[in-house]
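[1] Fold the stuff below for me.
(one chain, ligands or ions: 2)
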Amino acid sequence: MYKGTGASPGIALGKALVVEHNELIIERKNIENVEEEVTLLQKAVEVSREELTRVKEKACQELGEHEAEIFEAHLLVLADPELIDSAIAKIRDEKINAAFALNEIKEMFVTMFESMDNEYMRERAADIKDVTNRVLRHILGVKVVDLAGLDEEVVLIAHDLTPSDTATMNKKMVLGFLTDIGGRTSHTAIMARTLEIAAVVGLTDITSKVKDGDFIVFNGDTGEVIVNPDEETKVKYQELKTKFEEERKALELLKGKASITLDGRHVELAGNIGSPNDVEGLIKNDAEGVGLYRTEFLYMDKEDDFPSEEEQYEAYKAVLEGMNGKPIVIRTLDIGGDKELPYFQMDHEMNPFLGYRAIRLCLDRTDIFKTQLRALYRASVHGKLRIMFPMISSLEELLAAKEVIKEVLAEMDAEGIPYANDVEVGMMIEIPSSAIITDILAKHVDFFSIGTNDLIQYTCAVDRMNQKISHLYNQFNPAVLRLIKMTIDNAHKEGKWVGMCGESAGDKRMIPILLGFGLDEFSMSPISILPARKFITSVNHEDMKKFADEVLTMGTAEEIKNHVDKTFNM
Ligand code: PEP
Ligand code: MG
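    Numbering: from 1, shown residues only. Ligands and ions are numbered 1, 2, ... in the order given. Alright, predicted model coming up:
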């Protein structure tokens, strides 16, 4: 048995598919029989064409025509004689191997397209890269795992999954993910919960332990994974799966109910999302709003330039409209740290998590920041928008960010562009220096949202991505809990509300404490909403307050966790 971090609940049983992201190694070779190389190239093109046609049809049927457009674009590239004929000519002229010739031609076209002024043409560079890499893999005999074209149910095994893997894969066929790296707050884990796919992360070297076709059973809650189990174990996991599914069904009864304790304390249960596509999951799980829309995915999904104001406006509008007037907290760009953009060169830094990122970058590059703020305010007329700044570490930064909003609104006024007058502006509390001055900051915002993923990291000086020290990364750390309590008390004194959008908000062991502290809004992976409502509607707020007070007297995370487990039978 292997043990990793349970990242997304659910029980999975199925065949393994190992996803590799191998770098293609392409060497120049002199060739005698050039016609053999030409045939090799032509065959690889043919196989790629068939593959893409299949994937396109499947995407069209299951995801709609819009989603299938990308594959159509790839087919067009493949049909372009300039590309393939140039590669063939190069093989013959220089008497070299097909892979090297095609790669050279690819580089030439990509450089040419990337330097064009026209955004549409620049985007074609990415298509050329994708398609030629597909052909190159066939020439080199490197396994191509086509996640969009999956046509049987599998458990994906990967070192890590990229946002584009999770965005394009055929989700209906994915029973679960297992990855070598990552923790509960890594983006693959967050994505798995958003997609409601069971997952275990941080398994260290599962990719080298599992082969394609091995039978896997795992528990996305406990992090237990068994490869090629005996019959008895399979039956046990099948029973666990049935029980899990029955429990989820029972939760359906809570849909449409208010999240209110037995003694009448009402809280808001919202969802965290990364794209307008996630609205479906919010509605399915009866979210009362969005507590965190991580806009960086909109930027990360682009290959060669920042998303335009128009593209951003459309995405924000889609979420605001999709949620029918429920409040939507959209966070401004939080890039840097572990999140990079392919088209934006960042200097190498010794400590990227402490470096040039998020609001720091936005206040430096106000051109990027202003485009996003304009898109946000333009979208504000389509619903109930709340704007939130990430990574604020001082009052100066908060005031500077608000100043940029003022400038943007003045420009929009001058241009006669309408926007809503009741947009709330808030900030994340994820850096201790902010948490400590929440009494002052509260006077300048409409709300706070506590980002425990980073607050734990910065309070305890523990890199949230580092497997080796993950035992030190603990949400029950008394220092973290005190900062949370202080933030809530300080905001309430100023009559402001406080949410939490870090992963702790949806954690069944943290909810009793947070409820007792007086948290007003809990924002979590949509899949955690109904279990949270079940708990909240079954307890008294007064009891939770007493319980939280007891917790605050305790000195270690271990003691606190045990106290939760004992009190609530977890
Ligand atoms: C957080 O830090 O808690 C948070 C919600 O932001 P992210 O996980 O995107 O850093
Ligand atoms: Mg954060």
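[2] Can you spell out which helices and strands pack onto the helix of greatest length in the chain?
    In the chain, taking DSSP state H as the definition, the longest helix is helix 34-63. On a contact count with 3 or more Cβ pairs under 8 Å, 6 or more residues apart in numbering; DSSP states H and E, helix 34-63 meets helix 65-79, helix 81-94, helix 98-114, helix 119-140. From N, CA and C alone the C-beta is placed, and that goes for glycine too.
[3] Enumerate the residues of the stretch 201-350 of the chain near ligand 1.
    Neighbours of ligand 1 within the stretch 201-350 of the chain, by Cβ under 6 Å from any ligand atom: L292, R294, D334.
[4] ok, those residues vs E35, which is closest?
    R294 (52.2 Å; Cβ to Cβ).
[5] For the closest residue to that closest one other than its chain neighbours, list the residues it contacts.
    Nearest non-adjacent residue to R294, counting by Cβ to Cβ, 6 or more residues apart in numbering: G274, 4.9 Å away. Contacts of G274 were listed using Cβ atoms under 8 Å, 6 or more residues apart in numbering, and they are P163, I190, M191, T194, Y293, R294, F297.
[6] Of these, just say which sits nearest to ligand 1.
    Proximity of the contacts of G274 to ligand 1 was ranked by Cβ to the nearest ligand atom; the top entry is R294 with 5.3 Å.
[7] hang on, that closest one packs against R331?
    Yes: at 6.1 Å, R294 and R331 qualify as touching, with contact defined as Cβ atoms under 8 Å.
[8] More neighbours: those two, which one.
    R331 (26 against 22; other Cβ atoms under 10 Å).
[9] distance of the nearest residue to the more buried one once chain neighbours are set aside from ligand 1?
    In this structure, R331 finds its nearest non-sequential neighbour in M388, 4.8 Å apart by Cβ to Cβ, 6+ apart. M388 is 10 Å from ligand 1, where distance means Cβ to the nearest ligand atom, to the nearest Å.
[10] Could you say which helix or strand holds M388?
    strand 384-389 (DSSP states H and E).
[11] Can you tell me the SS state at the residue of the chain at minimum distance from ligand 2?
    The chain approaches ligand 2 most closely through D454 (3.7 Å), counting by Cβ to the ion. Following DSSP: H, G, I helix; E, B strand; the rest coil, the label given to D454 is helix.
[12] The closest residue to it other than its chain neighbours: neighbour count?
    What sits nearest to D454 in space, not counting adjacent residues and going by Cβ to Cβ, 6+ apart, is E430, at 3.8 Å. By other Cβ under 10 Å, the residues close to E430 number 26.
[13] Verify the stated contact: E430 with P390.
    Yes: in terms of Cβ under 8 Å, E430 counts as a neighbour of P390; the distance is 7.1 Å.
[14] so how far is ligand 1 from the closest residue to V267 other than its chain neighbours?
    Distances taken as Cβ to Cβ, 6+ apart put S259 closest to V267, at 5.3 Å, once the chain neighbours are dropped. As judged by Cβ to the nearest ligand atom, S259 and ligand 1 stand 20 Å apart.
[15] do W497 as well
    Distance from W497 to ligand 1, by Cβ to the nearest ligand atom: 17 Å.
[16] Okay, and the beta partners of that residue?
    On the basis of DSSP bridges, W497 is bridged to F447.
[17] quick one: contacts for E310?
    Here E310 is in contact with A375 (Cβ under 8 Å, 6+ apart).
[18] Can you give me the distance of it to V498?
    From E310 across to V498, the span is 34 Å (Cβ to Cβ, to the nearest Å).
[19] Just give me the longest strand of this protein.
    Counting by DSSP state E, the longest strand found in the chain is strand 11-19.
[20] Note down every partner strand of that one and its orientation.
    Strand pairing for strand 11-19, determined by DSSP bridges: strand 154-158 (parallel), strand 215-219 (antiparallel).
[21] Point out the most buried one among these.
    Greatest average neighbour count among the strands paired with strand 11-19 goes to strand 154-158 (a mean of 26), per mean count of other Cβ atoms under 10 Å.
[22] ok, and what's touching it?
    For strand 154-158, the surrounding residues in contact (Cβ under 8 Å, 6+ apart) are 12, 14-21, 147, 165, 169, 173-180, 206-207, 210, 216, 218.
[23] Counting neighbours, which of those residues end up buried?
    Buried subset of these (neighbour count, 16 or more other Cβ atoms under 10 Å): 12, 14, 16-19, 147, 165, 169, 173-180, 206-207, 210, 216, 218.
[24] Backbone dihedrals for R464, both of them.
    phi -70, psi -10 (degrees, to the nearest 10).
[25] Apologies, that question was intended for K3.
    According to degrees, to the nearest 10, K3 has phi -130, psi 120.
[26] Please report the distance of the residue nearest to it when sequence neighbours are not counted from F476.
    The shortest distance from K3 to any non-neighbouring residue, by Cβ to Cβ, 6+ apart, is to G223 (5.4 Å). Distance, G223 to F476, by Cβ to Cβ: 18 Å.
[27] Of these two, give the one with the bigger neighbour count.
    The neighbour count for G223 versus F476, taken as other Cβ under 10 Å, is higher for F476 (23 against 20).
[28] Could you tell me the per-residue confidence at the more buried one?
    Among the per-residue scores, F476 holds a pLDDT of 98.
[29] Please renumber the chain so that the first residue is 236 from this point on.
    Okay, using 236 as the starting number, the last item reads as F711.
[30] helix/strand/coil for it?
    F711 falls in the coil class when you classify it by three-state DSSP.
[31] Does it touch L787 like I think?
    No: shown here, F711 and L787 do not form a contact pair, counting by Cβ under 8 Å, at 11.6 Å.
[32] Which segments of this protein make up each domain?
    237-255+382-485, 269-375, 490-660+732-803 (automatic domain parsing).
[33] which of the buried ones among the contacts of strand 389-393 are close to ligand 2?
    Counting by Cβ under 5 Å from the ion, the subset of the buried ones among the contacts of strand 389-393 that neighbours ligand 2 is empty.
[34] quick one on the thing from earlier: could you export the helices and strands packed on helix 269-298 as TSV, including mean pLDDT?
    Conversion of the helices and strands packed on helix 269-298 to TSV gives the following (pLDDT from 0 to 100):
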stretch	mean pLDDT
helix 300-314	79
helix 316-329	93
helix 333-349	92
helix 354-375	83
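[35] now for the ones you listed, which one comes closest to M558?
    Ranking those by their distance to M558 (criterion: Cβ to Cβ) puts helix 300-314 first, at 20.5 Å.
[36] any idea how far that closest one is from the chain center?
    Here helix 300-314 is found 25 Å from its chain centre; the criterion is Cα atoms, centre = their mean, to the nearest Å.
[37] ditto for stretch 627-647
    27 Å.
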